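Enquirer: only the shape, not the letters, is given here:
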C-alpha cells in the first residue's frame, strides 16, 4: 500500500513539474494533456486516473502552494497593528515569503506572469487570509476590502518585479522593502485611526 502511495505521489509530482515547465514556455491555455504526459514521461491514460483535466491538476498545484504559505507565514499578532510601542521589525520575518518564492521560482513565474485566471485563486486566498485574521478587528475610514486588496496587489507587484529582475536582491532585503513599502503604511493607517 505504501509503495502504491509513493508511486502515486511521484506520478502527481511529475505531472505538476511538467505543467509548470510547459507553462514557462507557452500560454497555459495552449498546453495540452498530451504535452503534459509526454513531458512527465507518463502514459496519457495515467493522467486521467488522477485528474479529470489540466485545470484540476493546476488547482492541486495551487492548493499545495496555499497550504505551504499558510504553514510558513503566521500572521502578525493584532498588537502589531494597534500598539505604536511595538518595534515592528522584531515581529515578523518578511523574508519568509521571498525565500519561498526563490525556492519555487519556476512555479511563481507561472503563477504571477501567466494569464489572470491562474493568479486569481492565490490572490483571493491571500485577501481572505488577511480579512479572516483582522477584518472584524481593525477599522479605519478606508473600507477593509480596499486595504486587503491593496496589500495583496502591492505584494504581487513587488514579487513580479523581483522575479523579473532575476531575484538580484536577497530575500532579506526584499522582506525589508516590502515592510517599508507595504506593511508599514498599512500599519500607520490603523494606528492613526485608533488615535482619533
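Expert: Yep, it's here. Everything numeric here is computed off the predicted structure, so don't read it as measured data. Numbering: from 1, shown residues only.
Enquirer: so the closest residue in space to residue 177 that isn't next to it in sequence, which state does it fall into?
Expert: The spatial neighbour of residue 177 that comes closest, neighbours along the chain excluded (C-beta to C-beta, 6 or more residues apart in numbering), is residue 158 at 7.3 Å. (C-beta placed from N, C-alpha, C; glycine too.) Taking DSSP: H, G, I helix; E, B strand; the rest coil as the rule, one finds residue 158 in the helix state.
Enquirer: could I get the buried residue list for the lengthiest helix in the chain?
Expert: When the chain is parsed with DSSP state H, its longest helix is helix 2-25. Neighbour-count burial for helix 2-25, counted by 16 or more other C-beta atoms under 10 Å, picks out 11, 12, 14, 15, 16, 17, 18, 19, 20, 22, 23.
Enquirer: quick one: least confident helix or strand in the protein?
Expert: For the chain, counting by mean pLDDT, DSSP states H and E, helix 79-82 ranks last in confidence among helices and strands (a mean of 75).
Enquirer: next structured bit after it?
Expert: helix 95-103 (DSSP states H and E).
Enquirer: now the element after that following helix, going C-ward?
Expert: Next in line after helix 95-103, if elements are assigned by DSSP H and E, sits helix 105-113.
Enquirer: flag every buried residue along the following helix or strand past that next one.
Expert: Next in sequence after helix 105-113, counting helices and strands by DSSP H and E, comes helix 116-134. By neighbour count with 16+ other C-beta under 10 Å, helix 116-134 contains the buried residues 118, 119, 121, 122, 123, 125, 126, 127, 129, 130, 133, 134.
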